[in-house]
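**Q** Structure of the sequence below:
(2 chains)
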Number of protein chains: 2
Amino acid sequence: MKVEGKDMRPIWFDEVKKTVQVIDQRFLPHEFIIKDLNSVEDVIFAIKEMVVRGAPLIGATGALGVYVSLVQENNRGADNDYLEAECHRLKDARPTAMNLFWGVDRVRDAVLKEIDYNGRVRAGLSEALEVVEEEAVNCREIGRHGLSIIQDMSRKKGGEAVNILTHCNAGWLACVEYGTATAPIYTAFDRNIDVHVWVDETRPLNQGARLTAWELGKHGINHTVITDNAGGHLMQHGMVDLVMVGTDRTTRAGDVANKIGTYLKALAARDNNIPFYVALPSSTFDWSITDGIKDIPIEDRDPDEIRHVQGLCHGKVQSVLVPPETSPAANPAFDVTPARLVTGFITEKGICNANEADIMALFPEKRMA
Amino acid sequence: MKVEGKDMRPIWFDEVKKTVQVIDQRFLPHEFIIKDLNSVEDVIFAIKEMVVRGAPLIGATGALGVYVSLVQENNRGADNDYLEAECHRLKDARPTAMNLFWGVDRVRDAVLKEIDYNGRVRAGLSEALEVVEEEAVNCREIGRHGLSIIQDMSRKKGGEAVNILTHCNAGWLACVEYGTATAPIYTAFDRNIDVHVWVDETRPLNQGARLTAWELGKHGINHTVITDNAGGHLMQHGMVDLVMVGTDRTTRAGDVANKIGTYLKALAARDNNIPFYVALPSSTFDWSITDGIKDIPIEDRDPDEIRHVQGLCHGKVQSVLVPPETSPAANPAFDVTPARLVTGFITEKGICNANEADIMALFPEKRMA
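**A** Next comes the predicted model:
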């Protein structure tokens, strides 16, 4: 996607430096910093500290992390136990995003097919880059399928702007290109359909205000930042036509783990008869579980992420403490929206209803024996 | 209530200086500043800029504002047109809180009964102070009635901590004493019932994180600050026993205008079978309307309140800009929770269900002819 006229992705392999590089998303939109990932330690830090974030991008970073484990200093890439241990460390970086386990396992499996060290390095890089490319293609396909939903709404409104509410950042910064929730929006915009996006600021880390607003602005898409509190009111007053969000893990029955607060928007959408769509590549499905509230582990993050808010102050990125120094805080990072509140899933294979039978009809290869 | 061992209210009349004084709530919890209100201009600034906020306190401030109009420089307090114009200016300061109109009108009516200037000043001060005292008594009564709800839950839990979620600040800082939503909590705590409060930070102005957390902390009540996004997740996991909030205006049919985001919590409470109570003095009822979504005007505040977040940085209260400089924002300050989502109202007269018949049974004098 374009940043100041230049094509960018949030992660790439620099062929000259032979290094994995990422945009450091912690300081956007106020500082644009590129970071090298030279060791598994670097990769884990990047995932844990949210230098990179978003399920598909975490998957791509985990995939390239396996390659990094093979080329980092003092590596023992021919040793299967070593490789397995490094893969475990990578998968432990964050507990909720499905794509991380999927990306790491896929590259590990490709690497294990090779015996000698150089073959492993080649296989690791090639499989990881394939994961990256596939995620880009998946997002493009999500955009192609999701377009029809926006197109229909635009027709229904006689060409008036379609108002789409989104939570967190499920844009290209969370993926490789296009994004998941934003892919239909970018696709519609590129076809001259009038769209306007309500951007939930998405506390505590403000990925909506910082990242989604930045992405949409750079692409020239009309958007308005709102507090996470405002969506229900806007829906009550007919100011939201569609909700589109991403997901970090979705069960085979359609329960959706996504950034904390998503569930509240799904409830409001249902209460106001507004379609609530979840966009995801199939790598985000956890085919092994059905009950999301029971079975998806929800990451508890550092309470200081709530207590301190980061932004630009006197030309520098700084943090301010909001509550009293002595007040404790709790920071669950995700919640689970039950399938019953989801209108449909937009995947690279098409759109389906949020129930096991319909999901399985789209992905028959995942049917349980 | 106690601040560093000293009894405090958020507004008072200083008998020595003959001045209305308030705690400037804009800089809490990091700076404790007391401000004089010497003119209607000062009073309007205090209400508009949220030096004071919270429906009952806005009512008390409006009431004392009428007195201030009589004693400010260049006043023409014996002139009815002048008085009427000043009262209009006061009532225009904020559009949603019912108590403002109620407080101003009540003192104006008392003043108009007097003809000579000195009589008016005396009547204005005495009626305004009566409003202030009545609101304190109302809140104490709300606490007394609401106590039974917490007591019952405590018994049901065998004495385990009762977890109460609240949104915004409906504490003593929003009232005169005790608060509305917090009154039952303070009362329960003072009777050694184990309580723990989930404090919604309440974006954009963080009245929960800044004010409710400060109040509860000063009183020694267990509390945890959470993002506005987190409540639904906590409810899904059995971590919330009750929701208690205040209101800025409630219709005779029980639709509740309160800080933006309240509606989302009410939806989540309903979805998880958790009681959702609204605590209010009768001065917050708007007896003239029934349909809150249609008829309660919702204030749109400055979008910069969303874009900039204030807190402590290097020992000073400063603001940081969160989204891109160029991204617009929208800032509706309240939403309306339909009566169907409200379990009950806790008033100074007792508890009732959220429907017109039951509200009217508690306040028969408000029955329409």
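
**Q** So stretch A:303-315, near chain B or not?
**A** Yes - against chain B, stretch A:303-315 shows contacts by C-beta under 8 Å from any C-beta of the partner chain at A:303, A:306-313. Where C-beta positions appear, they are placed from N, C-alpha and C, glycine not excepted.

**Q** right, I mislabeled it, should have said stretch A:87-103
**A** No - taking C-beta under 8 Å from any C-beta as the criterion, stretch A:87-103 and chain B are apart, separated by no less than 12.1 Å.

**Q** Give the buried residues for that stretch.
**A** Using 16 or more other C-beta atoms under 10 Å in any protein chain shown as the test for burial, stretch A:87-103 gives A:87, A:89-91, A:93-103.

**Q** Looking at these, which has the smallest pLDDT value?
**A** When those are compared on pLDDT, residue A:97 comes out lowest, with 86.

**Q** got a list of what that one touches?
**A** Neighbour list for residue A:97: A:55, A:58-59, A:248-249, A:284 [criterion: C-beta atoms under 8 Å, 6 or more residues apart in numbering or on different chains].

**Q** Please enumerate the strands of the stretch 51-200 of chain A.
**A** A:162-166, A:195-200 (DSSP state E, counting those that start in this stretch).

**Q** Parallel or antiparallel, which strands does the longest one pair with?
**A** I take that to be strand A:195-200. Counting by DSSP bridges, the strands paired with strand A:195-200 are strand A:162-166 (parallel), strand A:223-226 (parallel).

**Q** How about the following helix or strand past it and chain B, any contact?
**A** Next in sequence after strand A:195-200, counting helices and strands by DSSP states H and E, comes helix A:207. No - legend: contact between helix A:207 and chain B by C-beta under 8 Å from any C-beta is lacking; minimum distance shown is 10.7 Å.

**Q** For the stretch 1-150 of chain A, just list every one of the helices.
**A** Taking DSSP state H, counting those that start in this stretch as the test, the helices found in the stretch 1-150 of chain A are A:40-48, A:55-71, A:80-91, A:98-112, A:117-156.

**Q** Out of these, which is the most enclosed?
**A** helix A:55-71 (a mean of 29; mean count of other C-beta atoms under 10 Å in any protein chain shown).

**Q** circling back to that earlier point, ok, so of the residues of stretch A:303-315 next to chain B, who is nearest chain B?
**A** Distances from chain B to the residues of stretch A:303-315 next to chain B, taken as C-beta to the nearest C-beta, are shortest for residue A:311 (2.9 Å).

**Q** Enumerate every residue touching residue A:366.
**A** For residue A:366, the contact set (C-beta under 8 Å, 6+ apart) comprises A:252, A:285, A:287, A:360.

**Q** Next step: these restricted to strands.
**A** Judged by DSSP state E, these include residue A:285 as members of strands.

**Q** out of the contacts of residue A:366, who has the most neighbours?
**A** Using other C-beta atoms under 10 Å in any protein chain shown as the neighbour test, the contacts of residue A:366 are led by residue A:285, with 23 neighbours.

**Q** Save the helices of the stretch 1-150 of chain A as JSON lines, and put in distance to residue B:349 too.
**A** Listed next are the helices of the stretch 1-150 of chain A as JSON lines, based on distance: least, C-beta to C-beta, whole Å:
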{"stretch": "helix A:40-48", "distance to residue B:349": "54"}
{"stretch": "helix A:55-71", "distance to residue B:349": "52"}
{"stretch": "helix A:80-91", "distance to residue B:349": "59"}
{"stretch": "helix A:98-112", "distance to residue B:349": "53"}
{"stretch": "helix A:117-156", "distance to residue B:349": "48"}
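
**Q** Mind pulling up the pLDDT for residue A:29?
**A** So residue A:29 comes in at 97 (pLDDT).

**Q** State the distance from it to residue B:294.
**A** Computed as C-beta to C-beta, to the nearest Å, the residue A:29 to residue B:294 distance reads 38 Å.

**Q** Which one of the two is surrounded by more residues?
**A** A count of neighbours by other C-beta under 10 Å puts residue A:29 above the other of residue A:29 and residue B:294, at 23 against 10.
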